[in-house]
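Asker: Any chance you could fold what I've pasted below:
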Amino acid sequence: MKSLFRDNIGEALVGLFVVLFAAWFVAFAWDKTGGGAKAGAIRITALFPNSTGINIGSEVRVAGIKVGTVSEQALDPQSFQVKTVLAIDPAVKLPADSSAAITSEGFLGATFIALVPGGDPAPLKDGDTITDTQGAMDLMGLVGQFINKSGDAKSAPGDAAAGEATKP
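Answerer: Predicted structure coming up:
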């Protein structure tokens, strides 16, 4: 048996490396998909009119620093808004009147939820709801509006000034 192990030590080490890499990958995927929320995380609900680009596991940031993840998403049947549950690090004490907005790192960057702290001295507690929210921007809709309004004669700056000069 000892000679068999000595003959195949290289294969055994490669197999061990593969098993360790697979375990690391599972832990990484678990963390990135929201399964690895911190123990004792504060769970806060936010209602968004549009949650395009946000999924379970998306980051929640304050001033650009990750403080939590999105742990649940569902459509609220009464308001038809997206009910999003955020798992926030308990060490971060956000004011109760904080607001939330869905934003991105840039034109092609990752989408995340940005929390903007308010001024209330009372902190958000487990189970609280953020009511001041801003949903995701519809980029294609904005481009379409820009294209459609760019040829409008009423919005041309030179035409408005000329129209005022001809009034009696």
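Asker: residues of the lengthiest helix in the chain that come out buried?
Answerer: The longest helix of the chain (DSSP state H) is helix 9-32. By neighbour count on 16 or more other CB atoms under 10 Å, the buried set for helix 9-32 is empty. Quick note: C-beta positions are derived from backbone N, CA and C, even for glycine.
Asker: Give me the contacts around stretch 133-148.
Answerer: Residues outside stretch 133-148 that contact it (CB atoms under 8 Å, 6 or more residues apart in numbering) are 46-54, 82, 99-102, 111.
Asker: Can you tell me which of these end up in strands?
Answerer: Counted as lying in strands by DSSP state E, out of the contacts of stretch 133-148, are 46-48, 82, 99-102, 111.
Asker: quick one: which of the residues you listed is nearest residue 58?
Answerer: Of all these, residue 58 sits closest to residue 111, with 6.6 Å by CB to CB.
Asker: so how far is residue 125 from residue 90?
Answerer: Using CB to CB, to the nearest Å, residue 90 is found at 10 Å from residue 125.
Asker: what's the domain layout of the chain?
Answerer: Following automatic domain parsing, one gets these domains for the chain: 2-32, 42-145.
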